[in-house]
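Next come a sequence and a model predicted from it.
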Amino acid sequence: MMAEVAAKLQARRQDKQDFYNELVGRPAGRMRRFFHGKDAALHAQTEENNNSDLALNLVVQSLEADLQARMEALRESVALADAASYEALMEARERFEQAQQEMKTLQNNAHVLPDGRRVYLSEDGSYAIDEDENRLTEDEMAQVEWEAGHTTAEQYREGRNKLDGARQEVDKIQGYRDRLEAAREKLENGEGLSEEELDGLEDDITSMPDAVRDKFQAMGGKPLEASSKSEQQVSQSQGLRSVPPEPSTP
């Protein structure tokens, strides 16, 4: 008799403990014993929502970790691209300065019209141009005593094209470095950056002039990975909550 009473008391204590665990979200597997009808359905829905919230939090944490890893990879690429673009810029400036010196030599060896314009006769002597590559009229050509050994129209054009190309290369690399600096600032203050914003930063970083890309790869730089967020993760995060959240009360 005493043993039977003790067993009943132990069972009641266990029921109370299991009931408490069910209420605070620690399933004891005995929900149906304590809830009946609508109460059981409500409790089951609450438990399902709790599980959905937990799964959603896990996906969000995973996506946040992926974003942080991607931002760190972008920071490393920015640092390497900065070094590569600096070297490329210094070399481009040297080529530009060399092209400038060569152009000065060509200009100093030009024929000069009475009005002070430098002019250049073609190699076959059929035409002449000024420094803007405008052709001289016959009257203008007649004002010059053309002599051999001066800069020709072909040489001048070649030198001018070389100078323009060198200037464009410097501008292109400097423009890239400006975009790189803007990307660096965004990454340093990168809390809350979205996938789309990271995609834009990645485009800015990887859209390198050829001279920079050669340096970047020579320094061990590798193409940046594509976005780590998969379509499966997106669909999971969108479909986890089977019951929409209740509207907030004003």
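Yep, it's here.

Low-confidence ranges, the chain, go.
Within the chain, the set of residues satisfying pLDDT under 70 comprises 1-66, 190-192, 223-250.

residue boundaries of the strands in it?
111-112, 118-121, 128-130 (DSSP state E).

for those strands, which one ends up most surrounded?
Greatest average neighbour count among the strands of the chain goes to strand 118-121 (a mean of 22), per mean count of other Cβ atoms under 10 Å. C-beta: built from backbone N, CA, C; applies to glycine.

still on that earlier bit, just put the strands of the chain in JSON lines and tack on distance to Q217.
As requested, those are exported to JSON lines (distance: least, Cβ to Cβ, whole Å):
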{"stretch": "strand 111-112", "distance to Q217": "47"}
{"stretch": "strand 118-121", "distance to Q217": "41"}
{"stretch": "strand 128-130", "distance to Q217": "41"}
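
I'd like to know which of those lies nearest to Q100.
strand 118-121 (15.6 Å; Cβ to Cβ).

coming back round to it: can you tell me which of the strands of the chain comes nearest to T152?
Using Cβ to Cβ, these put strand 118-121 closest to T152, at 6.0 Å.

What is the closest one packed up against?
Secondary-structure packing of strand 118-121 (3 or more Cβ pairs under 8 Å, 6 or more residues apart in numbering; DSSP states H and E): strand 111-112, strand 128-130, helix 153-188.

Return the set of buried residues in stretch 196-209.
By 16 or more other Cβ atoms under 10 Å, the buried positions in stretch 196-209 come out as L198, L201, E202, D204, I205, M208, P209.

Of the residues you listed, which is the nearest to E138?
When the buried residues of stretch 196-209 are compared against E138 (criterion: Cβ to Cβ), the nearest one is P209, at 44.6 Å.

Show me the domain layout of this protein.
Domain assignment of the chain by automatic domain parsing yields the ranges 1-60, 76-97+159-222.

tell me which of the buried residues of stretch 196-209 is nearest to S77?
Using Cβ to Cβ, these come closest to S77 at I205, 5.5 Å.

Test my guess that that closest one contacts L74.
Yes - using Cβ atoms under 8 Å, I205 is in contact with L74, at 6.5 Å.

hang on, the earlier thing: which members of the buried residues of stretch 196-209 occur in helices, if any?
With DSSP state H as the criterion, helices contain L198, L201, E202, D204, I205 from among those.

all helices in this protein, in order from the N-terminus.
2-23, 31-34, 38-108, 138-142, 153-188, 195-206, 210-218, 231-239.

Run a quick neighbour tally on E140.
17 (other Cβ atoms under 10 Å).

Tell me how far it lies from P114.
10 Å (Cβ to Cβ, to the nearest Å).
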